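Participant: attaching a predicted model along with its sequence, questions to come.
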Amino acid sequence: MRYLVAVLAVAIGVAGIVRGEADDSPGLQFLGVALVVGAIAFVVRTARRGR
């Protein structure tokens, strides 16, 4: 279940990056990148704690 949330966060982040590129909006691109990086960090931390 936790991985599903991370996958959804990455998908929303990528959509934000793409949408920000179309609008030429650096703030939306940054939020998208921050969301993707945060989701990846969450997955790595969850995987490490599981061992």
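Facilitator: Thanks, I have it.
Participant: now Phe30, nearest residue through space, not along the chain?
Facilitator: Gly20 (7.9 Å; CB to CB, 6 or more residues apart in numbering). Quick note: C-beta positions are derived from backbone N, CA and C, even for glycine.
Participant: can you tell me which helix in the chain is longest?
Facilitator: Ranked by number of residues, the top helix in the chain under DSSP state H is helix 26-49.
Participant: quick check: buried residues in that one?
Facilitator: Buried residues in helix 26-49, counted by 16 or more other CB atoms under 10 Å: Leu28, Gln29, Leu31, Gly32, Leu35, Val36, Ala39, Val43.
Participant: Serialize those to TSV and add fields for distance to Ala15.
Facilitator: Shown next, in TSV, are these (distance: CB to CB, whole Å):
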residue	distance to Ala15
Leu28	10
Gln29	11
Leu31	11
Gly32	7
Leu35	10
Val36	10
Ala39	13
Val43	18
